[in-house]
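Novice: Mind folding the following:
(2 chains)
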Amino acid sequence: MSEKKLICGNEAMAEAAIIAGLDAYFGYPITPQNEVTAYMSRRMPELDRVFVQCESELAAVNMVYGAVATGKRAMTSSSSPGISLMQEGISYLAGAELPAVIVNVMRGGPGLGNIAPSQADYFQATRGGGHGDYRTIVLAPANVQELADFMSLAFDLADQYRITVMVLADGILGQMMEPVILEKKEQRKLPPKDWALTGAKDRKQNIVRSLWLKDGVLEEINRKLQKKYKEIQKKEILCEEYEIENAEIIVVAYGIAARIAKGTVDKAKKEGIKVGLIRPITLWPFPAEQINRAADKAKVFLTVELSCGQMVEDVKLAVAGKAPVEFYGRSGGGVPSDGEIMKEIKQLAAKR
Amino acid sequence: METVFTRTPTLKDCATHYCPGCGHGIAHRLLAETIDELQIAPKTIGIAPVGCAVLAYDYLDVDMIEVAHGRAPAVATGIKRTNPDKIVFSYQGDGDLAAIGTAEIIHAAHRAEQLTVIFINNAIFGMTGGQMAPTTVLGQVTATSQQGRKAIGQGYPLQISELLAILPGTVYVERCALSSVAQIKKAKKAIKHAFELQIGGANGLSLVELLSPCPTYWRMTPVKAMQWIENEMTKVFPLGCLKNNQ
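Specialist: Numbers count the residues shown, from 1 in each chain, chains lettered A, B, ... in the order given. So this is what the prediction gives:
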């Protein structure tokens, strides 16, 4: 079970989902996540599980909606334009409080954009994306092992809170091959799915719905949802703090950008610069407290993203004026190099 | 005293929100009777559309799910593929099935999903206030075709059942009407047949289209509405079996 396999991120994530008990996968081809659909099309039937290549991402997310409503574990994966198309379904999943897992292997946008790696869907992922007052949990892996490991976590979180969990990867993580260990993780203690549509045998009918016309009912439902979101914010934040003890400059980055930045931080430290890294792993709930605490000591923050600046807004809210928050980003498929980030760090260090 | 008639148990004992003379009540009753006669209520999962029948779960006593506008066949696919032992039906109006959900119904049929679809065609959007539907007939006055529907610019009435019948993935397609006792009896037979096909594991989708009155937005009395189905609607949407592979 625990031998290392050299495998690309998309396939590692697919196999990890299968190990986590995936009953059904619904997908539509889109680059750069096509390895997932291809892998699932072969592997799921081998295991007598469900694979459907859908007519659109809209259909895919709605097939997930149907499957998870019966208590099964189901997922879909796509890349940015496809995820945009799924937003209707994600809003309905939130309204009906259904547990779903969606993977976004982000590519450049807006529009058709390109097929190169990007982190420009941060707003869409962390703000909900569709209509209405809702949240999705967003997990941001920074290497292929994490991409795989987060699948079982995603299913557990989804089932525990009856929520959509989005795994937010990017074109590099999806395509990159790394040695990974794929093994079954211990499952969380999960509540029974007594709400699921299993046929009204010896019980009252179950109804899965998101329409509430009676005066005041929807507001009550929204209050209930907000209570759930607060609980998630309290219990489920994940964040890596790296060398921040004596850091004057703190780089904040997630996913592949964090992986690049980590290397730069190591190099900069060797040159005597007091720099550390905070890597949000859950993008929602966002590790605002951790960043705010670090701002008591740090002199300046540098947010690095593969976008024109999206997470930087959350970093600013978290820092709450305690220190300046600078930004460096590349977009449209551009990836910041180690040297580019180093230049930014050195400039900030020189100003100190 | 001998009981000669009872309410079919799957149809809940409550008033509906439907307008006087609306066909949904009849369609619900036929559906509920079918489910009870076939004794499948404990293993049936129904899908309510967006449209007037969105609250169908308030009247039909089986497990049900409400879905986004038009997406019922995709949701049904997700349910049936993961629960092949269940009987899955979608109940959809003409806006839901023939406008916004055209891709989903065509592809569910194209994939030969083992589903039963009850398609209510009343040639209008009821819930939003009587706008033109893809099935609105030429010349018909609606909120969004106030001069009467014209083919050029507003399109021809869409005969989606005929379209679906030519796909190899459908096993049974029949068009019935809820316009008279005789037609309602035929409709009941068709609905039952469609469910029996799914129960028997038929390799494809079964669909029954029901021409259904909407007196409110047709601006007619219920009796006139029934007559309009028989005299006008059936000219564009001829009744009968379009396909029966079994």
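Novice: okay, CA-based contacts and neighbour counts for the rest of this
Specialist: Noted.
Novice: where along the stretch 51-200 of chain A do the helices fall?
Specialist: For the stretch 51-200 of chain A, the helices defined by DSSP state H, counting those that start in this stretch cover A:57-69, A:80-95, A:122-126, A:144-161, A:171-175.
Novice: er, chain B I mean
Specialist: Using DSSP state H, the helices found in chain B span residues B:24-37, B:72-82, B:94-95, B:102-110, B:151-154, B:160-165, B:181-199, B:215-218, B:222-228, B:234-236.
Novice: Might you list the low-confidence residue ranges for the chain?
Specialist: I'll assume chain A. A:1 (pLDDT under 70).
Novice: The intended chain is chain B.
Specialist: B:246.
Novice: repeat that for 90
Specialist: Within chain B, the ranges that satisfy pLDDT under 90 run B:1, B:246.
Novice: Would you format the helices of chain B as TSV with distance to residue A:31 and mean neighbour count included?
Specialist: Conversion of the helices of chain B to TSV gives the following (distance: least, CA to CA, whole Å; neighbours: other CA atoms under 10 Å in any protein chain shown):
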stretch	distance to residue A:31	mean neighbour count
helix B:24-37	44	20
helix B:72-82	23	29
helix B:94-95	33	28
helix B:102-110	22	22
helix B:151-154	37	10
helix B:160-165	32	18
helix B:181-199	37	19
helix B:215-218	47	19
helix B:222-228	52	18
helix B:234-236	44	14
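Novice: coming back round to it: which of the helices of the stretch 51-200 of chain A sits most buried?
Specialist: Across the helices of the stretch 51-200 of chain A, averaging neighbours per residue (mean count of other CA atoms under 10 Å in any protein chain shown) puts helix A:57-69 on top, at a mean of 30.
Novice: May I have stretch B:197-217 as PDB, with CA atoms only?
Specialist: Extracted as PDB, the C-alpha positions of stretch B:197-217 are listed here (Å, rounded to 0.1, in the frame of the first residue of the first chain):
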ATOM      1  CA  LEU B 197     -40.300  -0.500 -18.900                       C
ATOM      2  CA  GLN B 198     -37.900   1.000 -16.400                       C
ATOM      3  CA  ILE B 199     -38.900  -1.700 -13.800                       C
ATOM      4  CA  GLY B 200     -38.300  -4.400 -16.400                       C
ATOM      5  CA  GLY B 201     -34.800  -2.900 -17.000                       C
ATOM      6  CA  ALA B 202     -35.500  -1.700 -20.600                       C
ATOM      7  CA  ASN B 203     -32.400  -0.300 -22.100                       C
ATOM      8  CA  GLY B 204     -33.300   3.300 -22.500                       C
ATOM      9  CA  LEU B 205     -35.400   6.300 -21.700                       C
ATOM     10  CA  SER B 206     -39.100   6.300 -21.600                       C
ATOM     11  CA  LEU B 207     -41.100   9.500 -22.000                       C
ATOM     12  CA  VAL B 208     -44.700  10.400 -21.900                       C
ATOM     13  CA  GLU B 209     -45.700  13.900 -23.100                       C
ATOM     14  CA  LEU B 210     -49.000  15.100 -21.700                       C
ATOM     15  CA  LEU B 211     -50.800  18.000 -23.500                       C
ATOM     16  CA  SER B 212     -52.100  19.800 -20.400                       C
ATOM     17  CA  PRO B 213     -54.500  22.700 -20.000                       C
ATOM     18  CA  CYS B 214     -53.400  26.100 -18.600                       C
ATOM     19  CA  PRO B 215     -56.700  28.000 -18.400                       C
ATOM     20  CA  THR B 216     -55.200  30.900 -16.500                       C
ATOM     21  CA  TYR B 217     -52.600  31.900 -19.100                       C
END
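Novice: Identify each buried residue in that stretch, please.
Specialist: Neighbour-count burial for stretch B:197-217 flags B:197-199, B:202-217 (criterion: 16 or more other CA atoms under 10 Å in any protein chain shown).
Novice: so which of the residues you listed are also by chain A?
Specialist: Among the buried residues of stretch B:197-217, none lies close to chain A by the criterion of CA under 8 Å from any CA of the partner chain.
Novice: one step back: the helices of chain B: which one's closest to residue A:312?
Specialist: helix B:72-82 (37.5 Å; CA to CA).
Novice: tell me the contacts of residue A:2?
Specialist: Residue A:2 makes contacts with A:181, A:182, A:183, as judged by CA atoms under 8 Å, 6 or more residues apart in numbering or on different chains.
Novice: can I get the residues you listed in TSV with neighbour count and distance to residue A:46?
Specialist: Formatted as TSV, these follow (neighbours: other CA atoms under 10 Å in any protein chain shown; distance: CA to CA, whole Å):
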residue	neighbour count	distance to residue A:46
A:181	19	21
A:182	20	18
A:183	16	19
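Novice: quick one: which of those residues is nearest residue B:133?
Specialist: Nearest to residue B:133 among those, with distances taken as CA to CA, is residue A:182, at 51.8 Å.
Novice: The closest one touches residue A:147, doesn't it?
Specialist: No. Contact criterion CA atoms under 8 Å: residue A:182 and residue A:147 do not qualify, at 10.7 Å.
Novice: For chain A, what lies in contact range of chain B?
Specialist: Contact residues, chain A versus chain B (CA under 8 Å from any CA): A:23-24, A:50, A:55, A:59-60, A:62-67, A:69-70, A:72, A:88-89, A:92, A:197-202, A:205-210.
Novice: mind checking how far the residue nearest the centre of chain B is from chain A?
Specialist: The centre of chain B sits closest to residue B:119, judged by CA atoms, centre = their mean, with a distance of 2.2 Å. Using CA to the nearest CA, to the nearest Å, one gets 19 Å for the distance from residue B:119 to chain A.
Novice: Show me what from chain B comes close to chain A.
Specialist: With CA under 8 Å from any CA as the criterion, chain B meets chain A at residues B:41-45, B:57, B:61-68, B:71, B:74-79, B:81-83, B:86, B:103-104, B:107.
Novice: Now do the contacts for the spatially closest residue to residue A:199 that is not a sequence neighbour.
Specialist: In space, and not counting its chain neighbours, residue A:199 is closest to residue B:43: 4.4 Å by CA to CA, 6 or more residues apart in numbering or on different chains. By CA under 8 Å, 6+ apart, the contact list for residue B:43 reads A:198, A:199, A:200, A:201, B:85, B:86, B:87.
Novice: Going by proximity to chain B, name the top residue of the stretch 251-352 of chain A.
Specialist: Per CA to the nearest CA, residue A:284 is where the stretch 251-352 of chain A lies closest to chain B, at 25.4 Å.
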